[in-house]
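Enquirer: With the sequence up front, the predicted model follows.
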Amino acid sequence: MLTPEELPMSSENISQREYELLHRELGEAHAQNRSLRRQLEKALAAVTESQRAHAKMVATLTETMRENTVLTNDRDMWRHRAQRMDAGLSADPDSTAAPIDISALAGQLSEDEVNAIRKAMARIHHPDVGGNPERMKAWNAALDRLGRD
């Protein structure tokens, strides 16, 4: 683009009035060009920010999915271990639950530890989570005896 100083100023080619008109139009074009550049820079900054936010969201979702997978695997492992342990204590899980003998632990566990065991067994055997109510009763009875000793 020509700057106002670069416009030819010749009395032969254009008159003073035409020159001033061209000069003003050129100034307006420069102003509009600057305005459009600022708008473009703002738009590019917004795009960059949205790309950064998207990348952060994807990273967060990926980490959440990884943690969920680890927790699911841990839950399944502990559930499987508990079921194997229950199978060893009672051949038929649907039959009336045999009493659970954990008297060997008497005096070795604190009340908080007994409560933690009770909560863990409830997560596995409570009827609200699909467990066997008889097994839950047997665990509660055993833990009640353990808590009294």
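Expert: Yep, that arrived.

Enquirer: Can you name every helix or strand that the longest helix anywhere in the chain contacts?
Expert: Across the chain, the longest stretch assigned as helix under DSSP state H is helix 16-89. Using 3 or more CB pairs under 8 Å, 6 or more residues apart in numbering; DSSP states H and E as the contact test, the elements touching helix 16-89 are helix 111-125. Yep, even glycine has a C-beta here, placed from its N, CA and C like the rest.

Enquirer: and the helix it packs on with helix 16-89, angle?
Expert: Calculated by axes from the mean of the first three to the mean of the last three CA atoms, to 10 degrees, helix 111-125 forms an angle of 100 degrees with helix 16-89.

Enquirer: quick one: the longest helix of the chain to chain centroid distance?
Expert: How far helix 16-89 lies from its chain's middle: 15 Å, per CA atoms, centre = their mean, to the nearest Å.

Enquirer: now swap in stretch 138-149 and tell me
Expert: 40 Å.

Enquirer: list the buried ones in it?
Expert: A138, W139, A142, L143, L146 (16 or more other CB atoms under 10 Å).

Enquirer: what do you get for stretch 19-34?
Expert: Y19, H23, L26.

Enquirer: now for this protein, which residue lies nearest the mean position of the chain?
Expert: Nearest to the geometric centre of the chain sits T64, at 4.0 Å (CA atoms, centre = their mean).

Enquirer: Next one: that residue from V70, what distance?
Expert: 11 Å (CB to CB, to the nearest Å).

Enquirer: With H126 instead?
Expert: Taking CB to CB, one finds H126 at 24 Å from V70.

Enquirer: How about A122?
Expert: Distance from A122 to V70, by CB to CB: 23 Å.
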